[in-house]
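Engineer: Pasting the sequence and the predicted model now:
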Amino acid sequence: MPQSSRLASQTWQILAETCSDTVRDAVAGIIQRDKAALATRFYSFMLEDEGAKPFLSVTTVEARLKPGLQRWLEVLFYHRSVEELAAALALQRHVGEVHARAQIPVNLVARGLRLLKHEINLRLLNTPLDRNDLVHAVLYVDRLTDVAFEEMSAAFMLSSERGVRTDEAYRMFAAGRDLALEREKQSVAVLEWEARFYRLLAAGASFDDIPSLKDSEFGLWLYHKAPLLFDETRELALIGECVERIDQSLFPQLVFGRDRDLHSDANRALAKAVLVEVDEIKFLLRSMFDRLVDLDVGRDVLTQLFNRRFLPSILKRELSLARRSVNHFCVLMLDIDHFKRVNDKHGHDAGDRVLQQVAGQIMNQVRGGDFVFRYGGEEFLVLLTAIDADRAQAVADKIRQRIAELDIPLAAGHTLRVTVSIGIAANDGHPDYQRLIERADKALYSAKDAGRNRIATA
């Protein structure tokens, strides 16, 4: 017998021996009558907790979390058979997995459940139960809540351990890429920003039109990809400090300073300080790459894109960034239209060529800080960082057009054209990354249902 079924049977047996129908009905009656009030009390308490605030918003609580908690209470305390109890415990495991994906600390869950037990037991004191039944009712609530937490915690730990292994595998994969090429690419990105700065400085032109270093191509890579690749190394933190000094102190003085004479001694000193910081960034960048071990694992062999197994690691980090600051991001889910026809008519070699060409076109249209995954079969997933829904729509449409215009070479001089359907989902603050993927997937199927070769937004 599986461990979960054994736990359900054991719990059912204990409850059957200690709880009468009167006790069960009293607790179920409280839940039925006060589930909305219990949910309100629970989330009022959690919204006041500094540790819980990053995972909650008033809109999310009202729209989804309160109704979800009410359903959770019903499932846990309304069961009338061992099968219903087993289903209730299965729900606890699902909740634990969601909490792990959202990185909600276990101690917050324990704190919330303790509050719920207290609130339910307070209400039991106002029921007509005699002393003996009242004691059993309190124990009934405690036992069910504790068993639920046990199942949630077990699922949370298992999912978290898988996540840690995946995070490590991602770093191994990233380390296995062409590090020399990546180092040169990011060094060039820094040099391009520096060269633009030099040109403006030499021409005595305004610095208003140059982007901040954080918003540059290098900045997007630094804040979104580098932490996954280098695991928060010392050099990475020092580079971040250099970027902050340039963007938040030196650069604003050049752009908005009172001295509008760009050739003044004060401005020359500021410009020199900027270039000193840039030189430090280049030195730290070289050191950071030199320290990385050369490993080669985990990429999609056909397209050379990220493997979907690394998606949780990357999405969790983007959600964490979004919680700490106003940082929008979007997910695109792409599917090659009628791909089976390609394989059936032209063979699997042609299908592989189509996948490679489509992957290349997607990569050509995204930025250095974005992520592209071979999600499975003919599906691709694109994570667009630091972008709002309108700009994501423009990127998606550009990808769609470029693929539709592409002549894909086949054997014997033949060519083939394909189209893609795309679903877009913008991060709405929900802490579970799986929900974001599901929204993008639903939007994708809306695009396909509407005729294919088009875009739909969640």
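Structural biologist: Here it is on my side, so go on. Given the structure is predicted, the values throughout are model-derived calculations rather than measurements.
Engineer: how close does the closest residue in space to residue 103 that isn't next to it in sequence sit to residue 387?
Structural biologist: Nearest residue to residue 103, sequence neighbours excluded (C-beta to C-beta, 6 or more residues apart in numbering): residue 316, at 6.1 Å. In short, each C-beta sits where N, CA and C put it, glycine included. Going from residue 316 to residue 387 by C-beta to C-beta, to the nearest Å gives 18 Å.
Engineer: When the two are compared, which one has more neighbours?
Structural biologist: The neighbour comparison of residue 316 against residue 387 (other C-beta atoms under 10 Å) goes to residue 387, with 22 against 19.
Engineer: That one - that's part of a helix, no?
Structural biologist: No - per DSSP: H, G, I helix; E, B strand; the rest coil, residue 387 lies outside any helix segment and is coil.
Engineer: Phi and psi next, for residue 376.
Structural biologist: phi 150, psi 130 (degrees, to the nearest 10).
Engineer: Mark out where each domain of this protein begins and ends.
Structural biologist: Domain assignment for the chain by automatic domain parsing gives 3-170, 179-291, 306-457.
Engineer: Let me have those domains in TSV, extended by distance to residue 300 and mean pLDDT.
Structural biologist: Listed next are the domains of the chain as TSV, based on distance: least, C-beta to C-beta, whole Å; pLDDT from 0 to 100:
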stretch	distance to residue 300	mean pLDDT
domain 3-170	13	83
domain 179-291	17	81
domain 306-457	4	92
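Engineer: Deepest-packed of those domains, please.
Structural biologist: domain 306-457 (a mean of 18; mean count of other C-beta atoms under 10 Å).
Engineer: and it, how far out from the chain's middle?
Structural biologist: 16 Å (C-alpha atoms, centre = their mean, to the nearest Å).
Engineer: helices or strands up against the helix or strand encompassing the residue nearest to residue 103?
Structural biologist: Taking DSSP states H and E as the definition, one finds residue 316 inside helix 311-324. Judged by 3 or more C-beta pairs under 8 Å, 6 or more residues apart in numbering; DSSP states H and E, helix 311-324 is in contact with helix 82-102, helix 131-175, helix 217-224, helix 226-230, strand 371-376, strand 379-384, helix 433-449.
Engineer: export the ones you listed to a markdown table and tack on distance to residue 114?
Structural biologist: Converted to a markdown table, the helices and strands packed on helix 311-324 look like this (distance: least, C-beta to C-beta, whole Å):
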| stretch | distance to residue 114 |
| --- | --- |
| helix 82-102 | 16 |
| helix 131-175 | 9 |
| helix 217-224 | 38 |
| helix 226-230 | 35 |
| strand 371-376 | 39 |
| strand 379-384 | 37 |
| helix 433-449 | 27 |
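Engineer: Can you show me the helices along the stretch 151-300 of the chain?
Structural biologist: For the stretch 151-300 of the chain, applying DSSP state H, counting those that start in this stretch gives helices covering 179-203, 217-224, 226-230, 234-245, 251-256, 265-291.
Engineer: Please identify which of these is closest to residue 136.
Structural biologist: Nearest to residue 136 among the helices of the stretch 151-300 of the chain is helix 226-230; the distance by C-beta to C-beta comes to 51.9 Å.
Engineer: dump the residue contacts of the closest residue to residue 20 other than its chain neighbours.
Structural biologist: Leaving aside its sequence neighbours, residue 20 sits nearest to residue 133 (C-beta to C-beta, 6+ apart; 6.8 Å). Neighbour list for residue 133: 20, 22, 23, 26 [criterion: C-beta atoms under 8 Å, 6 or more residues apart in numbering].
Engineer: Cross those residues against helices and list the overlap.
Structural biologist: Among the contacts of residue 133, the members found in helices (DSSP state H) are 22, 23, 26.
Engineer: could these go into CSV alongside distance to residue 236?
Structural biologist: Below are the ones in helices among the contacts of residue 133 laid out as CSV (distance: C-beta to C-beta, whole Å):
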residue, distance to residue 236
22, 62
23, 57
26, 57
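Engineer: Specify which member of those residues is nearest to residue 155.
Structural biologist: Of the ones in helices among the contacts of residue 133, the one sitting nearest to residue 155 (C-beta to C-beta) turns out to be residue 23, at 28.3 Å.
Engineer: Tell me who's in contact with that closest one.
Structural biologist: 129, 133, 136, 137, 140.
Engineer: repeat that for 10 Å
Structural biologist: 15, 124, 127, 129, 132-141 (C-beta atoms under 10 Å, 6 or more residues apart in numbering).
Engineer: what do you get for residue 222?
Structural biologist: If you count contacts by C-beta under 10 Å, 6+ apart, then residue 222 has 186, 189-190, 213-214, 216, 236, 239-240, 243, 281, 285, 368-369 around it.
Engineer: ditto for residue 346
Structural biologist: Shown in contact with residue 346 (C-beta under 10 Å, 6+ apart): 353, 354, 408, 410, 411, 414, 416.
Engineer: can you tell me which of those residues are in strands?
Structural biologist: Among the contacts of residue 346, the ones falling in strands (DSSP state E) are 408, 416.
Engineer: Make JSON lines from the contacts of residue 346 and add distance to residue 289 to it.
Structural biologist: Formatted as JSON lines, those follow (distance: C-beta to C-beta, whole Å):
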{"residue": "353", "distance to residue 289": "33"}
{"residue": "354", "distance to residue 289": "34"}
{"residue": "408", "distance to residue 289": "35"}
{"residue": "410", "distance to residue 289": "39"}
{"residue": "411", "distance to residue 289": "40"}
{"residue": "414", "distance to residue 289": "43"}
{"residue": "416", "distance to residue 289": "39"}
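Engineer: Can you tell me which of the contacts of residue 346 is closest to residue 330?
Structural biologist: residue 354 (25.0 Å).
Engineer: returning to what we had before: next structured bit after the helix holding residue 316?
Structural biologist: Going down the chain from helix 311-324, the next helix or strand is strand 330-336, by DSSP H and E.
Engineer: Please identify the pairing partners of that following strand and their relative orientation?
Structural biologist: strand 379-384 (antiparallel), strand 420-426 (antiparallel) (DSSP bridges).
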